[in-house]
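Trainee: Predicted model and sequence below, questions to follow.
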Amino acid sequence: MDKVYLFFAEGTEEVEALTVVDILRRVGIDTHIVSITNEKMVTGAHGIKVTADMLEEEVDYKEAAMLVLPGGLPGAYNLAEHQGLAEGIMEQYRAGKPLAAICAAPLVYGRLGILNGVKATCYPGFEEELQGAVCTSALVEEDGQFITGKGPAAAFEFGYTIAAKLIGEDKVRPVRDGMLYSELVK
């Protein structure tokens, strides 16, 4: 199976990143945390230090099944300013492969001009950054090759939606049930 790369910047919202990685690994998807800094140890928005699996320059975008961008500030802005990541996103986009972002991070896709006509959601107040998107206030929005999430509370649903896109809902349901998420959203 191809790899999922989740990109972690200084100031990334930890719950959005780690919840998604946890869910994807539980369902058996080969998922890697990628630091966009020059070091594997990265500090999130709330001071939690996360050790990435690899650095951005080690990513082989041709192996990517999906790229995932967690939000948080200034994490989302740091992701948006990284040239290597921008090039990888555009490669993924042109190949028609899925892209996901949550909270403030959909602004990265908006600034790259690839959300034209796409239904997307984001943290309230960032809608203007999603240039060309049809903004909704849904918890999670899936449209074509894009999956977007609203914010920290959407992290579980965002993770399950990503997993279902890659391996199918039938394989995700047992993990969703086992984590008792199904009891939360009856």
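Mentor: The structure has been received and is ready for your questions. Residues are numbered from 1 along each chain as shown.
Trainee: list the buried ones in stretch 176-184?
Mentor: In terms of neighbour count (16 or more other Cβ atoms under 10 Å), stretch 176-184 has its buried residues at 176, 179. (Each C-beta comes from the backbone N, C-alpha and C, glycine too.)
Trainee: which residues sit against stretch 23-34?
Mentor: Identification of contacts with stretch 23-34 by Cβ atoms under 8 Å, 6 or more residues apart in numbering yields 1-8, 17, 20-21, 50-56, 58-59, 65, 156, 159-160, 162-163, 166-167, 171-172, 175, 179.
Trainee: quick one: low-confidence ranges for the protein?
Mentor: The chain contains residues with pLDDT under 70 at 1, 186.
Trainee: re earlier: among the contacts of stretch 23-34, which ones are in helices?
Mentor: Members of the contacts of stretch 23-34 lying in helices (criterion: DSSP state H): 17, 20-21, 156, 159-160, 162-163, 166-167, 171-172, 175.
Trainee: Next, give phi and psi for residue 141.
Mentor: Main-chain dihedrals, residue 141, degrees, to the nearest 10: phi -130, psi 130.
Trainee: Now do the same contact list for it.
Mentor: 119-121, 147-149.
Trainee: For it, which non-adjacent residue is spatially closest?
Mentor: Of all residues not flanking residue 141 in the chain, residue 121 sits nearest, at 4.4 Å (Cβ to Cβ, 6 or more residues apart in numbering).
Trainee: Near the one you found, how many residues? Count them for me, please.
Mentor: Other residues within reach of residue 121, judged by other Cβ atoms under 10 Å, total 29.
Trainee: Give me the residue at the spatial middle of this protein.
Mentor: For the chain, residue 68 is the residue whose C-alpha lies nearest the centre (Cα atoms, centre = their mean; 2.8 Å).
Trainee: which helices and strands does the helix or strand that one falls within pack with?
Mentor: Using DSSP states H and E, residue 68 sits in strand 64-69. Under the contact definition 3 or more Cβ pairs under 8 Å, 6 or more residues apart in numbering; DSSP states H and E, strand 64-69 sits against strand 3-8, helix 83-94, strand 99-102, helix 155-167.
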